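Colleague: Based on what follows, work out the 3D shape:
(2 chains)
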2 protein chains.
Amino acid sequence: MASFSTVSAVTPTGEGRFAADIHPAWTIAGKPNGGYLLGLLGRAAASVTPHPDPIAASAHYLRAPDPGPASISVEVLRAGRGASQVRARLLQDEAPCIEALVTLSSLDSEATPFWAAGAPSPGTEDRDDCVRLPETNPAGRPVPIMGQVDLRIERSTLGFAQGKPSGTGELRGWLALADDEPFDPVSLLYAVDAFPPATFEIEMTGWVPTLELTVYVRALPAPGPLRILQRASLIDAQRVDEACWVWDSTGRVVAHGTQLAGIRLG
Amino acid sequence: MASFSTVSAVTPTGEGRFAADIHPAWTIAGKPNGGYLLGLLGRAAASVTPHPDPIAASAHYLRAPDPGPASISVEVLRAGRGASQVRARLLQDEAPCIEALVTLSSLDSEATPFWAAGAPSPGTEDRDDCVRLPETNPAGRPVPIMGQVDLRIERSTLGFAQGKPSGTGELRGWLALADDEPFDPVSLLYAVDAFPPATFEIEMTGWVPTLELTVYVRALPAPGPLRILQRASLIDAQRVDEACWVWDSTGRVVAHGTQLAGIRLG
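Modeller: Residues are numbered from 1 along each chain as shown, chains lettered A, B, ... in the order given. Sure thing, here's the model as predicted:
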């Protein structure tokens, strides 16, 4: 298993360009995970401003790149005192695949939440009681990325694995990187898109391609595995919007994301 | 009162550029409303693709423009069969103020929701029982935009107006445009940012500047006023993330947004 820092490494090649190598195992049925790709863009963006931490990142997915070499192009839109904004694009064979906007700042390790009553409740099952997802999903599709991370689902939201979705449109569980590599604001961009579609707990389908993904990184995560809640909001016109909440090992909300994805239902 | 179509009009000036005029009354304490500005960008984006409806729009706010002339620059990133993606920027005196990414498609007026159980419940008070917000807010700041639209808040979430916030971080109510102008996908980009910060129902503060706003337009709205729920999620490190849900007059969810904003609390 390769570490997240390794698979998300970017190498500057001059004039705001970077070389990246999309890892063949960070994929679902041949398609790279969208949050992992946003992590590549976040890492490149963070390297060109004095602000190390992406706090808001919004990506629109134009076409899915293949595993292998890709290039990233970044442009600083504004470099402020407290925050910077960067445009970042991922290209493959010069074709644009993803365009993202990233606002970066410096997260304060001493900050504490002022008010957190609006966030949902995290799951309750111990990590050891949860079920680690295998490298093949219930629809029989290969999910190599599940061999690269340790993603576990609470038994109460695992109906889809037995062909009996609960109908709640919610998945709860845990995420850890290989060798317990600590999460940081860049890998949180991946974490918010790590879970399977919460629509699996409504009805099993094939690919649910992300059209847009927005991630807010709210705090520096403490070391340890993350608790994750993935929740579907609405399926309409063959699109679904989902929210994802991420808690660190101290129980603090460290990231919150939303995505709009295509789905073959309805 | 000027109609939304009038204040959000954009005039092509060639080579992907547009002239816009930011209306002085669509402001809060001198600053234009961020959703209104995203509407300007959405309108320009929709005019350069065969797809008329913004379905996902993400804006990062670099600096607040003043009312008056502004220019918009758009670039089509991908023109697909079912959807197009556009980069749109708002500039004033050539300084970039907002950059946004917009995915557009053609919303089907015949579509019906397949699954909607993940959305929260709308408010319950009749529109006539709600209280229309005036052009001065409880902190004494001028809010001219409240003279341009008809925004009403349920009495149960109006504690802030009497200096007694309920602490729930939730505002529920109604929104209509002047002369009951029907909403469309472009004006829904405004609707998702129309309400005051839901943090007013936690603690009254000054300006809560939007840093990032993402809007998903989920369906073509039926004519009539919108029901809106604005909900704070988390205040941490002097930033808040909020969600906004929008229902049309038939009770269907037509838009869902999230925003990250700065706030002087904590």
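Colleague: ok but residue A:160 is inside a helix, no?
Modeller: Yes - per DSSP: H, G, I helix; E, B strand; the rest coil, residue A:160 lies within a helix segment.
Colleague: And the residue nearest to it when sequence neighbours are not counted, how close does it get to residue A:166?
Modeller: Nearest non-adjacent residue to residue A:160, counting by C-beta to C-beta, 6 or more residues apart in numbering or on different chains: residue A:200, 4.0 Å away. Yep, even glycine has a C-beta here, placed from its N, CA and C like the rest. Distance, residue A:200 to residue A:166, by C-beta to C-beta, to the nearest Å: 10 Å.
Colleague: what residues do these two have in common as contacts?
Modeller: The overlap between the contact sets of residue A:200 and residue A:166 (C-beta atoms under 8 Å, 6 or more residues apart in numbering or on different chains) is empty.
Colleague: thinking again about what came up before, where does the residue nearest to residue A:160 fall, phi/psi-wise?
Modeller: phi -60, psi -30 (degrees, to the nearest 10).
Colleague: Report the contact partners of it.
Modeller: Here residue A:200 is in contact with A:138, A:160, A:165, A:171 (C-beta under 8 Å, 6+ apart).
Colleague: Please look at the first one and residue A:204 and confirm they touch.
Modeller: Yes - the criterion here is C-beta atoms under 8 Å, and residue A:138 meets it with residue A:204 at 6.1 Å.
Colleague: list residues touching both of the two?
Modeller: With C-beta under 8 Å, 6+ apart as the test, residue A:138 and residue A:204 both reach A:160, A:163.
Colleague: Neighbour-wise, which one of the contacts of residue A:200 leads?
Modeller: residue A:171 (27 neighbours; other C-beta atoms under 10 Å in any protein chain shown).
Colleague: where does it land on pLDDT?
Modeller: Predicted confidence (pLDDT) for residue A:171: 98.
Colleague: do residue A:266 as well
Modeller: Looking at residue A:266, the pLDDT reads 82.
Colleague: Spatially nearest residue to it, not counting backbone neighbours?
Modeller: residue B:114 (3.0 Å).
Colleague: Show the contacting residues for that neighbour.
Modeller: With contact taken as C-beta under 8 Å, 6+ apart, residue B:114 is in contact with A:235, A:236, A:265, A:266.
Colleague: swap the cut-off to 6 Å and go again
Modeller: A:235, A:265, A:266 (C-beta atoms under 6 Å, 6 or more residues apart in numbering or on different chains).
Colleague: And for residue A:23?
Modeller: Shown in contact with residue A:23 (C-beta under 6 Å, 6+ apart): residue A:7.
Colleague: quick one, phi/psi of it?
Modeller: phi -70, psi 130.
Colleague: now the contacts of residue A:200 in TSV, with secondary structure?
Modeller: Rendered in TSV, the data for the contacts of residue A:200 read as follows (three-state DSSP):
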residue	secondary structure
A:138	coil
A:160	helix
A:165	coil
A:171	strand
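Colleague: mind putting the residues you listed in CSV, distance to residue A:58 included?
Modeller: Output for those, formatted as CSV (distance: C-beta to C-beta, whole Å):
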residue, distance to residue A:58
A:138, 31
A:160, 29
A:165, 30
A:171, 23
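Colleague: Closest one to residue A:222 out of those, please.
Modeller: Closest approach between the contacts of residue A:200 and residue A:222, by C-beta to C-beta: residue A:171, at 22.7 Å.
Colleague: How much space separates that closest one from chain B?
Modeller: Distance, residue A:171 to chain B, by C-beta to the nearest C-beta, to the nearest Å: 12 Å.
Colleague: Could you find the closest non-adjacent residue to that residue?
Modeller: residue A:230 is the one closest to residue A:171 (C-beta to C-beta, 6+ apart), at 4.5 Å.
Colleague: is stretch A:68-81 anywhere near chain B?
Modeller: Yes - Stretch A:68-81 reaches chain B (C-beta under 6 Å from any C-beta of the partner chain) through A:77, A:78.
Colleague: re the thing from before, just among the contacts of residue B:114, which is most surrounded?
Modeller: Counting by other C-beta under 10 Å, top hit in the contacts of residue B:114: residue A:235 with 25 neighbours.
Colleague: quick one: which helix or strand includes it?
Modeller: strand A:226-236 (DSSP states H and E).
Colleague: Pull up the pairing partners for that strand, direction included.
Modeller: Paired strands of strand A:226-236, with direction, are strand A:170-177 (antiparallel), strand A:239-247 (antiparallel), strand B:113-115 (antiparallel) (DSSP bridges).
Colleague: Between those, which one is closest to residue A:51.
Modeller: Closest approach to residue A:51 among the strands paired with strand A:226-236 is made by strand A:239-247 (20.7 Å; C-beta to C-beta).
Colleague: got the contact list for the closest one?
Modeller: A:120, A:122, A:191-192, A:198-199, A:226-234, A:253-263, B:216, B:256.
Colleague: What is the burial count for residue A:1?
Modeller: 14.
Colleague: contacting residues around it?
Modeller: So residue A:1 contacts A:148, A:178 (C-beta under 6 Å, 6+ apart).
Colleague: The residue of the stretch 1-150 of chain A found nearest chain B and residue B:203, how far apart?
Modeller: Proximity to chain B, evaluated over the stretch 1-150 of chain A using C-beta to the nearest C-beta, is greatest for residue A:114 at 3.0 Å. As judged by C-beta to C-beta, residue A:114 and residue B:203 stand 9 Å apart.
Colleague: overlap in contacts of these two?
Modeller: residue B:265.
Colleague: coming back round to it: export the contacts of residue B:114 as CSV, with columns for distance to residue B:92.
Modeller: Listed next are these as CSV, based on distance: C-beta to C-beta, whole Å:
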residue, distance to residue B:92
A:235, 40
A:265, 44
A:266, 42
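Colleague: tell me which of the residues you listed is nearest to chain B?
Modeller: The closest of the contacts of residue B:114, once distances to chain B are taken by C-beta to the nearest C-beta, is residue A:266, at 3.0 Å.
Colleague: secondary structure element for the closest one?
Modeller: Here residue A:266 is assigned to no helix or strand, by DSSP H and E.
Colleague: now the strands for the stretch 1-150 of chain A?
Modeller: A:10-14, A:17-22, A:27-28, A:31-32, A:53-61, A:68-79, A:84-92, A:95-105, A:113-115, A:131-132, A:149-153 (DSSP state E, counting those that start in this stretch).
Colleague: Adding mean pLDDT, write the ones you listed out as CSV.
Modeller: Putting those into CSV (pLDDT from 0 to 100) gives the following:
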stretch, mean pLDDT
strand A:10-14, 97
strand A:17-22, 98
strand A:27-28, 96
strand A:31-32, 96
strand A:53-61, 98
strand A:68-79, 98
strand A:84-92, 98
strand A:95-105, 98
strand A:113-115, 97
strand A:131-132, 97
strand A:149-153, 98
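Colleague: Pick the most buried one from those strands.
Modeller: Across these, averaging neighbours per residue (mean count of other C-beta atoms under 10 Å in any protein chain shown) puts strand A:53-61 on top, at a mean of 27.
Colleague: helices or strands up against that strand?
Modeller: Applying 3 or more C-beta pairs under 6 Å, 6 or more residues apart in numbering or on different chains; DSSP states H and E, one finds that strand A:53-61 contacts helix A:34-46, strand A:95-105, helix A:185-191, strand A:210-217.
Colleague: and the last one with strand B:84-92, angle?
Modeller: What it means is strand A:210-217. Going by axes from the mean of the first three to the mean of the last three C-alpha atoms, to 10 degrees, strand A:210-217 is angled at 40 degrees with respect to strand B:84-92.
Colleague: Describe which strands strand A:210-217 pairs with in its sheet and in which direction.
Modeller: Assessed with DSSP bridges, strand A:210-217 is paired to strand A:53-61 (antiparallel), strand A:253-262 (antiparallel).
Colleague: got the angle for the last one vs strand B:95-105?
Modeller: When you say that, I think you mean strand A:253-262. 50 degrees.
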